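Visitor: Structure for the following, please:
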Amino acid sequence: MRYGPISPDLFLENRRRFRELLPPNSLAIFQANDIMPTNADGTMPFRQNNDLFYLSGVDQEESILVICPDATLPQHREILFLKETSPEILIWEGYKLTKEQAREQTGVRTIMWLDSFDSVLPALMNEADNVYLPANEHIRAAVAVETRNARFIKRLQAAYPLHQYRRAARLLDQLRAIKSPEEIRLMQKAADLTEAAFRRVLAFTKPGVMEYEVEAEIFHEFLRNGSRGPAYGSIIASGPSACILHYVSNDRECQAGDVMLLDFGAEYGNYAADMSRSIPISGTFTKRQRAVYEAVLRVMKLATARLVPGGNIEDYHAAVGRDMEQELIGLDLLSASDVKNQDPAAPLYKQYFMHGTSHYLGLDVHDVGFKYRTFEPGMVYTCEPGIYIPAEGLGIRLENDILITKTGNDDLMKNIPLEADDIERLMRR
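Guide: Prediction:
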């Protein structure tokens, strides 16, 4: 892989924590993602199933991880099934993991070739009472394509209808929300690559360049530093396009006097960074642009201070909404009397700030985890307030990635320029 080695201790510990949550006589089976088609004989780049990666570190297609802690045979307690390579596969597809390489990378001692899975499965099922299988249970997921895991679940339940089938996602969502030191190292690396790309954009941006040229600068910086690329579709939104929350066309010419909203982040070792910045295309904010920018920045700082142990997402978002109301009143976008008399179920600030402030971050950009779980050390949240004023063709969003610690929090993007004066100074170089 392009990224540097990841200690197998991470995956050994992840599996240990997962096993501790299993009741006696349990079996868990995790399948790799499919290689998805495009058209004709084309395929999309492979992206591993994040649950499988979290537990094994294997970044290879057609892989299966089995965890069966109470199996009678020690060699059946953890098994990794891999696609066996051949001279033909080496010529056409390239390198695949050997058994010894897989042991070193994952810490799993029993490595078998994929074609032996069906012959081993009956013995595993015979000893199991509870079978844990993964599914995408993210509350915002819209799953229209049947996954490899979903097809396997159908096949297994048809063959073994009397077992107790349970939700692996319920356990993994609990575990993945708390990041280990090694995971934080990878996320910090992703944030550092994002910083390098942003500084490059500050030096590159000027009136007349196309949004996709800015996107190309970001992509190039990521690739040359060992990233697979952006962790999600980059938003390069200049002028009125900044008021489209998920704008991805990136095909507009940058105009003098406009602000460009950037929302992008590197992926490194399958872990995501997620950053937003808003920069003046001409190198200097107008008075109005700076006023809106500073308002968003004040809300961001207040919100960040609330991302500490013991909080919860509902109270947090309510407090951020109150902060935003005051800023919008100060910008003459809302009146104090209207805010006082507003319907609490439909707060007026959502006319200009209509999305949430924070979400989990990790292997997924909108990472898994229980939404209403109390904030705990090891969680990583984004912090991304914004103000969008379509009538003025102006959208400002600022976003950093925040690690909750025992004593407060640590901003993984604290070295990325954020203050308006710093943005202008770097663009003047």
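Visitor: who touches stretch 170-187?
Guide: 3, 6-7, 9-10, 13-14, 17-18, 21-22, 50-51, 54, 132, 134, 137, 268-273, 360-363, 367-370, 373, 376-380, 401, 403, 412 (CB atoms under 8 Å, 6 or more residues apart in numbering). All C-beta spots, glycine's among them, are computed from the backbone N, C-alpha and C.
Visitor: Just the ones in strands from those residues, please.
Guide: Under the assignment DSSP state E, the contacts of stretch 170-187 contribute Y132, Y268, Y271, A272, V380, D401, L403 to strands.
Visitor: Is there a quick PyMOL command that grabs whichever of those residues are buried?
Guide: Only the buried entries of the ones in strands among the contacts of stretch 170-187 go into this PyMOL selection, using 16 or more other CB atoms under 10 Å:
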select buried, resi 132+268+271+272+380+401+403
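Visitor: Need phi/psi at W113.
Guide: Dihedral pair for W113: phi -80, psi 150, per degrees, to the nearest 10.
Visitor: I am assuming it contacts S86, so please confirm or correct that.
Guide: No. Between W113 and S86 there is no contact under CB atoms under 8 Å: 10.9 Å.
Visitor: returning to what we had before: now for the ones in strands among the contacts of stretch 170-187, which pair is the farthest apart?
Guide: Y132 and D401 (30.3 Å; CB to CB).
Visitor: Output the below-cut-off pLDDT ranges for the protein.
Guide: Applying pLDDT under 70 to the chain flags residues 1.
Visitor: do that again at 90, thanks
Guide: Applying pLDDT under 90 to the chain flags the ranges 1-2, 85-95, 139-144, 429.
Visitor: Am I right that E213 falls within a strand?
Guide: No. Read with DSSP: H, G, I helix; E, B strand; the rest coil, E213 is helix and lies in no strand.
Visitor: Find the residue closest to it in space, skipping its chain neighbours.
Guide: Among residues not flanking E213 along the chain, F204 sits closest, at 7.7 Å (CB to CB, 6 or more residues apart in numbering).
Visitor: One more: L90?
Guide: Nearest residue to L90, sequence neighbours excluded (CB to CB, 6+ apart): K96, at 7.7 Å.
Visitor: With A196 instead?
Guide: E221 (5.4 Å).
Visitor: can you check E137 too?
Guide: A169 (4.3 Å).
Visitor: Go ahead and build a PyMOL selection from the buried members of the contacts of stretch 170-187.
Guide: Buried members of the contacts of stretch 170-187 can be picked out in PyMOL with the line below, counting by 16+ other CB under 10 Å:
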select buried, resi 3+6+10+14+17+18+22+50+51+54+132+134+268+269+270+271+272+273+360+361+362+363+367+368+369+378+379+380+401+403+412
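Visitor: Run through the strands of the stretch 201-350 of the chain in chain order.
Guide: For the stretch 201-350 of the chain, applying DSSP state E, counting those that start in this stretch gives strands covering 229-230, 235-238, 259-264, 266-268, 271-272, 275-280.
Visitor: Columns distance to F117 on top of those strands, output as a markdown table?
Guide: Formatted as a markdown table, the strands of the stretch 201-350 of the chain follow (distance: least, CB to CB, whole Å):
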| stretch | distance to F117 |
| --- | --- |
| strand 229-230 | 32 |
| strand 235-238 | 41 |
| strand 259-264 | 39 |
| strand 266-268 | 29 |
| strand 271-272 | 29 |
| strand 275-280 | 41 |
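Visitor: that older thread, any idea which of the ones in strands among the contacts of stretch 170-187 is closest to E215?
Guide: Relative to E215, and with distances defined as CB to CB, the nearest of these is A272, at 17.2 Å.
Visitor: Next one: the closest residue to that closest one other than its chain neighbours from R397, what distance?
Guide: Closest residue to A272 apart from its sequence neighbours, by CB to CB, 6+ apart: A231 at 3.6 Å. To R397, A231 is 17 Å away according to CB to CB, to the nearest Å.
Visitor: Next, the residue nearest to L90: secondary structure please.
Guide: Three-state call for K96 (three-state DSSP): coil.
Visitor: Count the residues that sit near it.
Guide: Using other CB atoms under 10 Å, K96 is surrounded by 17 other residues.
Visitor: ok, now which ones touch A168?
Guide: Per CB under 8 Å, 6+ apart, neighbours of A168: A28, F30, D51, Y132, L133, P134, A135.
Visitor: what sits against the third one?
Guide: Right, D51. Neighbours of D51 in contact, by CB under 8 Å, 6+ apart: F30, P134, A168, A169, L172.
Visitor: How many neighbouring residues does the last one have?
Guide: Counted with other CB under 10 Å, the neighbours of L172 add up to 25.
Visitor: any idea how far E376 is from it?
Guide: 16 Å.
Visitor: One more: the fourth one?
Guide: Note on A169: its distance to E376, by CB to CB, is 19 Å.
Visitor: same check, this time on the third one
Guide: With distances taken as CB to CB, A168 is found 21 Å from E376.
Visitor: farthest residue from the center of this protein?
Guide: Distance from the C-alpha centroid of the chain, by CA atoms, centre = their mean, peaks at S337 (39.8 Å).
Visitor: Could I get the contacting residues of that one?
Guide: Not one residue lies near S337 by CB under 8 Å, 6+ apart.
Visitor: Tell me how the chain divides into domains.
Guide: Listed by automatic domain parsing, the domain ranges of the chain are 8-176, 181-428.
Visitor: before we move on, the earlier item: so which of the contacts of A168 would you say is closest to C254?
Guide: Nearest to C254, judged by CB to CB, of the contacts of A168 is D51 at 40.3 Å.
Visitor: Name the SS class of the residue most central in space within the chain, please.
Guide: Centroid-nearest residue in the chain, with CA atoms, centre = their mean: V365, separated by 1.7 Å. Classification of V365 using three-state DSSP returns coil.
Visitor: A169 versus that one, what's the distance?
Guide: Between V365 and A169 the distance is 17 Å, computed by CB to CB.
Visitor: just G107 next, same as before
Guide: Counting by CB to CB, the separation of G107 from A169 is 23 Å.
Visitor: go on, I423?
Guide: Computed with CB to CB, the distance linking I423 and A169 is 41 Å.
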